[in-house]
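# everything below, folded, please.
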Amino acid sequence: MNKQMTDTTLDLFSDNSDQATENDESVAARMSALAKDLERWNYEYYVLDAPSVPDSEYDKAFQELSRLEKQYPHLKSKASPTERVGGEARSDLRKVRHAVPMLSIHTETDFEAEGARAFDERVRKALGLSDTDEAVEYDVELKFDGLAMNLRYENGLLVSAATRGDGLVGEDVTANVKTIRTIPLRLPEGVPEVLEVRGEVIMHKTDFERLNDEQRLDGLKPFVNPRNAAAGCLRQLDPKVTAKRKLSFYAYGLGEVSEAVASTHSGILDQLQKWGFPVAKEHQVVKGWQALAQFHDWVKSIRQTLPFEIDGVVYKVNSLSLQNQLGFISREPRWACAHKYPPEEALTIVEDIDVQVGRTGKLTPVARLKPVFVGGVTVSNATLHNEDFIAELGLKIGDTVVVRRAGDVIPEIVRVLPERRQGEEKDFVMPSHCPVCGSETFRDEEEKDTRCTGGLFCPAQRRESLVHFASRLALNIDGLGEKVIDQLLEANLIETPADLYRLNEEKLLSLERFGKKSASNLLTALQNSKETTLARFIYALGIRHVGESTARDLASHFRNLEALMLAKPEELTQVNDVGEVIAQSIVHFFEEPHNREVIKNLLDEGIHWPQVQSAAVNEKVSGKTFVLTGTLPSMGREEAKALLLAQGAKVASSVSKKTDYVVAGAEAGSKLEKARSLSVAVIDEAKMLELLKG
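Just a heads-up that it's a prediction; the model follows:
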C-alpha cells in the first residue's frame, strides 16, 4: 500500500477531522482499497504462512474498514473481510440443491498395491486400452478426513456455501464458511461468471488440540476427532462461535462452471491456486498403476507428519476429455477412486483391565481387548493412563468401545458406547496393594496417579532404584553404571541396594567382561561409599519428589534418620520447601515395612555418616540466594556451592529478581550481564568468603 496515500486518507477520515463530509465515491474507493489489502494480507498469513505486515497494521486497517461500514452501510460489500467475524445467529440451516450433484467416489478395499492395480485395470478396460498401449496419466492427491463443501461464486463474489448432504441437497452454511480465513470472499478478475469450487473443510491437529483444551477448561465434553470437531463447528447456528474456532479449507475440484477452466484436472488445481484457494501441495501427476502404488506408500510414510488428518489418497484420470469418455456408473465416476489406509478406529470389547507397575512405581491400568484389526495390525491391549482417564471415559469392564491406532502410536480407547451395555459390566477399582510386590499403594493427588510405596523393594522399580542409589549425587559408587547393574540383575546377584554390599570377587568374576582388576575396583568403590552423609543417604533412597536440595534440608532439620522416619506430615512441612505433597510422599515411603527392612539392611552392612551438627545461623548467608558464574581463583564451583549450602544459603543456576548475590569469577558471561541489568549485587570470591565468616 502507498504510505503517503494511506496517511492522507487516514487523516481525511479521522473522527476528529474538520474537513467536509466525504462523498460516496471517495468512501467507496477507500473501502475497496482497505478490503483488497486485508484480503491480500489474509491470504499471505493463512494460506502462504508468510505475512508481509505486522498484526497491528492488519488490525488498524480492519478497524478503519469496520468504522466506515457502520457510517456508510449502503456501501458495504457482501465480500467484505469484516464478514469473517460472523453474522447473526440463525434458528435453522436451510437446504440447498446442488446444480451439479456432489457424488461419492469408489473406495478400493485392498489397502496394498493391488488396490492401485485394480483401479488402473478398470480404467484401461473402460478406455479399450491394451497392455501395449501407453500408461494412463493420473492426478494423485490426499483424501482429507473432513467435510465436503461446495462454494458458489457469481461474478467473483462468494454467494453461497453448502455441505454435501446426500449429494443432491446439502445445508446452507454460508455465514459460517465466511469465517474461514483460507476461503476467499472475492476472486480476482478473469474468473468465470459462475464458478463452483469444491473441497474439504477440516481442522488442523494443533487447532483441534487447542479447542479440546478449551472444552475441558469450560467443563464441556471434548470432541472425538478433528472431523467431528469441524462438522460441529461448521453446523453452529451462531457464526460467531464458528469464527472463534479455526477451520481450514483445501480445494480439490469444481462443480458448476460457466466456462472451461483447464483441460486437465491438475490444470484445474493449478488455476484454483492462482485464484487464491489453498491446494494441498502433496498432489502429483503420475503415469501407470506402479506410480499410483508408490504415491500411496509415500503418503503413508509421511502421514503422521501432516498437519491434518487423512484416511487415504485419491486417484483421478488427469485428462478431462478421458473423464467425460469414462463417465459414471451408478452414482460413482469411473475416472476416480479412493485408496484408503487400514482404519484407525474400530469397535471392540474391553474384556478386562489389568494393572502394570512402571519403573518409577506408577500403576497404569491396561485394557485387555477382544482382538480387533485397526491401523493395519491386530491389537488386544490399550493403555488407560490412570483412574481419572477411566472416569472421564465412563468406562466399565465389558463395555463396547471405539479403539484408535494412528500409525505406530499405542492404541487408545477414544470413547465408550454405553448404549450397548447388557447389564453385566463391572466398575474398575485401582488396587490398594501393588500387584508386583504387595506393598501398599497411594494416590499422588498432584499428578493424579496411583503409585507403589515399595520403592527399594519392588521388583518393578528395582533397576531404577539401584541406578539412582549408585549415582554421583547419591552414594557415588564409582564403576557401578547402568550396564553393570543390568548384568547383576540378569544374574540374580542383587535385588535391593543392600545386596550390593554382599557382593564378592567370586560373584563378580562370574559376570561377562569382569576381571580381577575391575572386580577389585568395584568392591573398593562399594566399601568407600559406606562413608557418606545423611543428606546423600536420604537422597539415595529415591523417595518421590525428594531431590538433592530437599534431602539436604531434611538432614539439616531432623539431624538423624530415625527422627525423619518417624516424622508426621505436619512436622515435615516445617522444613524449607516441603509442602503437603512431598510430606505425604515421605510418610508413605517410610511407612512401608519393605522399605524400612532395606534401610535396616543397609545400615547393618556398615553405611554410616557423621552426626549432623546444628550450625549457628549466619544471617548474612542463611536463606539468601546465590548464583555462581565464571572461574573462581581458589576453588571450584562445587566447593563454593557446598560452603554456601552448609550455612543455609540457596544456590540457583540462573539469575532472577529473587537473586541476592552473583559470585563472579574470571570469564563470567551472560549471568553477570543479567545481574547488572537487574541491579543484583555482584561480589567476588573474597567477598563471598567474608560473608561466610559471618
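# any idea how far Asp354 lies from Glu134?
Relative to Glu134, Asp354 is positioned 59 Å away (C-beta to C-beta, to the nearest Å). In this view, the C-beta of every residue, glycine as well, is placed from N, C-alpha and C.
# so the residue nearest to Lys246 when sequence neighbours are not counted is in which element?
Among residues not flanking Lys246 along the chain, Asp207 sits closest, at 4.2 Å (C-beta to C-beta, 6 or more residues apart in numbering). For Asp207, the host element (DSSP states H and E) is helix 205-217.
# how far does the lengthiest helix in the chain sit from the chain's center?
Scanning the chain for the longest helix, with DSSP state H as the assignment, gives helix 24-46. Distance of helix 24-46 from the chain centroid (C-alpha atoms, centre = their mean, to the nearest Å) equals 37 Å.
# following element in sequence after it, please.
Defined by DSSP H and E, the subsequent element after helix 24-46 is helix 55-71.
# the inter-axis angle of that following helix versus helix 24-46?
140 degrees (axes from the mean of the first three to the mean of the last three C-alpha atoms, to 10 degrees).
# whichever helix or strand comes after helix 55-71 pairs with which strands?
Remark: after helix 55-71, the chain's next helix or strand is strand 95-97, criterion DSSP H and E. Sheet pairing for strand 95-97, assigned by DSSP bridges, gives strand 169-171 (antiparallel).
# tally of neighbours for the residue nearest to Lys246?
20 (other C-beta atoms under 10 Å).
# how about it, what does it touch?
Arg245, Lys246, Leu247, Ser248 (C-beta atoms under 8 Å, 6 or more residues apart in numbering).
# could you do Gly547 as well?
Gly547 touches Tyr539, counting by C-beta under 8 Å, 6+ apart.
# same thing but 10 Å
Leu473, Tyr539, Asp577, Ile582 (C-beta atoms under 10 Å, 6 or more residues apart in numbering).
# buried subset of the residues you listed as a PyMOL selection?
The buried subset of the contacts of Gly547, as determined by 16 or more other C-beta atoms under 10 Å, is captured in PyMOL by this line:
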select buried, resi 539+582
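# CSV please, covering the contacts of Gly547 and showing secondary structure.
Shown next, in CSV, are the contacts of Gly547 (DSSP: H, G, I helix; E, B strand; the rest coil):
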residue, secondary structure
Leu473, coil
Tyr539, helix
Asp577, coil
Ile582, helix
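# now do the end-to-end distance for stretch 69-83.
The first and last residues of stretch 69-83 sit 11 Å apart, counting by C-alpha to C-alpha, to the nearest Å.
# now do the buried residues in it.
Glu69, Leu75, Lys76, Ser77, Ala79, Ser80, Pro81, Thr82, Glu83.
# what's the helix or strand that contains His468 packed up against?
Taking DSSP H and E as the criterion, His468 maps to helix 462-470. Helices and strands touching helix 462-470, by 3 or more C-beta pairs under 10 Å, 6 or more residues apart in numbering; DSSP states H and E, are helix 482-490, helix 516-529, helix 534-540.
# how about a cut-off of 7 Å?
helix 482-490 (3 or more C-beta pairs under 7 Å, 6 or more residues apart in numbering; DSSP states H and E).
# tell me the contacts of Ala280?
Glu141, Leu142, Tyr250 (C-beta atoms under 7 Å, 6 or more residues apart in numbering).
# output the helix or strand containing Gly199 as PDB, nothing but the C-alphas.
Taking DSSP H and E as the criterion, Gly199 maps to strand 194-202. Output of strand 194-202 as PDB, limited to C-alpha atoms (Å, rounded to 0.1, in the frame of the first residue of the first chain):
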ATOM      1  CA  VAL A 194     -20.400 -18.800 -12.300                       C
ATOM      2  CA  LEU A 195     -17.700 -20.800 -10.500                       C
ATOM      3  CA  GLU A 196     -18.400 -23.600  -8.000                       C
ATOM      4  CA  VAL A 197     -15.300 -24.700  -6.100                       C
ATOM      5  CA  ARG A 198     -15.300 -28.000  -4.200                       C
ATOM      6  CA  GLY A 199     -13.100 -29.000  -1.400                       C
ATOM      7  CA  GLU A 200     -12.800 -30.100   2.200                       C
ATOM      8  CA  VAL A 201     -13.300 -28.100   5.400                       C
ATOM      9  CA  ILE A 202     -11.000 -29.500   8.100                       C
END
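# three-state assignment of Val651?
Val651 - assigned by three-state DSSP - is strand.
# okay, now the unreliable bits of the chain?
Within the chain, the ranges that satisfy pLDDT under 70 run 1-22, 45-51, 53, 55-56, 84-92, 376, 406-409, 613-617.
# one step back: and which of the contacts of Ala280 is nearest Thr163?
Distance to Thr163 across those (C-beta to C-beta) is lowest for Tyr250, with 15.6 Å.
# related to what we said a few turns ago, which of the contacts of Asp207 fall within strands?
Among those, the members falling in strands (DSSP state E) are Ser248.
# top of the contacts of Asp207 by neighbour count?
Counting by other C-beta under 10 Å, top hit in the contacts of Asp207: Leu247 with 26 neighbours.
# and that one, how far from Glu495?
57 Å.
# got it, and Asn504?
In terms of C-beta to C-beta, Asn504 sits 16 Å off from Glu495.
# ok, now Glu667?
48 Å.
# these two: which has the busier surroundings?
Between Glu667 and Glu495, Glu495 has the larger neighbour count (other C-beta under 10 Å), namely 15 against 9.
# how about the contacts made by that one?
Glu495 touches Arg462, counting by C-beta under 7 Å, 6+ apart.
# before we move on, what SS does it have?
coil.
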